[in-house]
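# this one's sequence-less:
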């Protein structure tokens, strides 16, 4: 079974600075997708960014980018120019081409003004 | 327009009661899910339906029974509620196969059993 590990239960960053959230996963499949979801206190699950495993280029969405290392099975999220609104739980998720999505335990990000 | 909507958003009920949470998606997806998020924020898949057919049923007590009247709806019925059922329940949907790699979530239903 696929597993997703987020080794940082909590992280904090100063406003306007950069923070990187770590994620590793375990799979024997070659075709899969990786995601970062943000969950603010409202509990809504908001898609931040996604990466197709077959693409070598790292995905980028405005201030959010990933460092995808397929051989190392690592998928970290970098948040640049952090804003107060970025404070939330961040979940890393894995999905194979045909199966459901599996989540890591989450990282709580605090942004200090 | 809300893509995945679930009702009620908040539900407080007593132990032993039976309750239902409804979910509807207007994205035209053919796969729907129920996830449970416990007090430690861990998200776990409960059920997955594809075109009204159950395809995933994780280790969930049989007090939980999903029902899919059509591919746009997936309701969750819970019998004989227990304190440990208190959680946030998320409905979600996606398109089956490689074209639908992203799963879209509803806003969650906060269930509190007292």
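Cool, got the structure. No experiment lies behind these values; they were computed from the predicted model shown.
# List of residues touching stretch B:45-52?
With contact meaning Cβ atoms under 8 Å, 6 or more residues apart in numbering or on different chains, stretch B:45-52 is reached by A:100-102, B:30-36, B:54-58, B:60, B:64, B:66, B:68-71, B:74, B:76, B:96. Using the backbone N, CA and C atoms, a C-beta is placed for each residue, glycine as well.
# go on, stretch A:12-32?
A:2-8, A:11, A:34, A:36, A:53-54, A:67, A:72-84, A:90, A:92, A:94-97, A:104, A:107, A:109-113, B:98.
# From the residues you listed, which land in strands?
Judged by DSSP state E, strands contain the following of the contacts of stretch A:12-32: A:3-5, A:11, A:34, A:36, A:67, A:74-79, A:90, A:92, A:94-96, A:107, A:109-112.
# from the residues you listed, which are also near chain B?
With Cβ under 8 Å from any Cβ of the partner chain as the criterion, the ones in strands among the contacts of stretch A:12-32 include residue A:95 near chain B.
# from the ones in strands among the contacts of stretch A:12-32, which would you call buried?
A:4, A:11, A:34, A:36, A:75-79, A:90, A:92, A:94-96, A:107, A:109, A:111 (16 or more other Cβ atoms under 10 Å in any protein chain shown).
# what about stretch A:60-68, distance to the chain center?
9 Å (Cα atoms, centre = their mean, to the nearest Å).
# so who does the closest residue to residue B:13 other than its chain neighbours touch?
Closest residue in space to residue B:13, ignoring its immediate chain neighbours: residue B:19 at 5.5 Å, by Cβ to Cβ, 6 or more residues apart in numbering or on different chains. For residue B:19, the residues meeting the contact criterion (Cβ under 8 Å, 6+ apart) are B:11, B:13, B:77-78, B:81, B:111.
# Go again with 7 Å.
B:11, B:13, B:78, B:81 (Cβ atoms under 7 Å, 6 or more residues apart in numbering or on different chains).
# The third one against residue B:62, yeah?
Meaning residue B:78. No: counting by Cβ atoms under 7 Å, residue B:78 stays clear of residue B:62, with 10.7 Å between them.
# Tell me which of those two has more neighbours.
Counted by other Cβ atoms under 10 Å in any protein chain shown, residue B:78 and residue B:62 do not tie: residue B:78 has more neighbours, with 21 against 7.
# hmm, back to that, make a PyMOL selection of the buried ones in the contacts of stretch B:45-52.
Selection of buried members from the contacts of stretch B:45-52 for PyMOL, criterion 16+ other Cβ under 10 Å:
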select buried, (chain A and resi 100+101+102) or (chain B and resi 30+31+32+33+34+35+36+64+66+68+71+74+76)
